[in-house]
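1. When you get a sec, could you give me coordinates for this:
(one chain, ligands or ions: 1)
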Amino acid sequence: MSTAAKYAKNLQRFRQAVGVHDRENECTATGIGLSFFDMDRLDFDEAEELWPGITVHAVEMTTGNFRVLCDGEHGPSEAEVQAADVTELIGVEA
Ligand SMILES: [Zn+2]
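-> Below you'll find the predicted structure:
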């Protein structure tokens, strides 16, 4: 798969994840968090706008996954938030 194809496929996944997040939570999604490594290999830039209102950011997390970043708090611990929001990326090997 070309980088452009992976980029497009992951963008699709981000949209789905943000849609699910905003449907199931009171808070609003503000961005997508990726590991530094995945940002680089999938050709995303820090603070790049994916679509209006959603930007991509490097966060400390496992490679091969992404999480929805938002303006709310989901639960008592950050670990649970991460586990709930993490989705597998397409075209990368963790
Ligand atoms: Zn949220």
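2. helices and strands of this structure: which one has the lowest mean pLDDT?
-> helix 78-85 (a mean of 41; mean pLDDT, DSSP states H and E).
3. Enumerate the residues of this protein near the ion.
-> Residues of the chain found near the ion (C-beta under 5 Å from the ion) are 25, 27, 70, 72. C-betas here are computed from N, CA, C, even on glycine.
4. The last one sits in which helix or strand?
-> When you say that, I think you mean residue 72. Using DSSP states H and E, residue 72 sits within no helix or strand.
5. my read: it touches residue 28, true?
-> Yes. Between residue 72 and residue 28 there is a contact under C-beta atoms under 8 Å: 7.3 Å.
6. max-length helix in the chain?
-> The helix that spans the most residues within the chain, counting by DSSP state H, is helix 3-24.
7. Might you calculate how far it sits from the centre of the chain?
-> 8 Å (C-alpha atoms, centre = their mean, to the nearest Å).
8. How about that helix, which residues are buried there?
-> Residues of helix 3-24 classed as buried by neighbour count (16 or more other C-beta atoms under 10 Å): 6, 7, 10, 11, 14, 17, 18, 21.
9. pLDDT on stretch 19-35, on average?
-> With pLDDT averaged residue by residue, stretch 19-35 scores 89.
10. neighbours around the residue in the chain positioned nearest to the ion, how many?
-> At 3.2 Å from the ion, residue 70 is the closest residue in the chain, using C-beta to the ion. Applying other C-beta atoms under 10 Å, we find 19 residues neighbouring residue 70.
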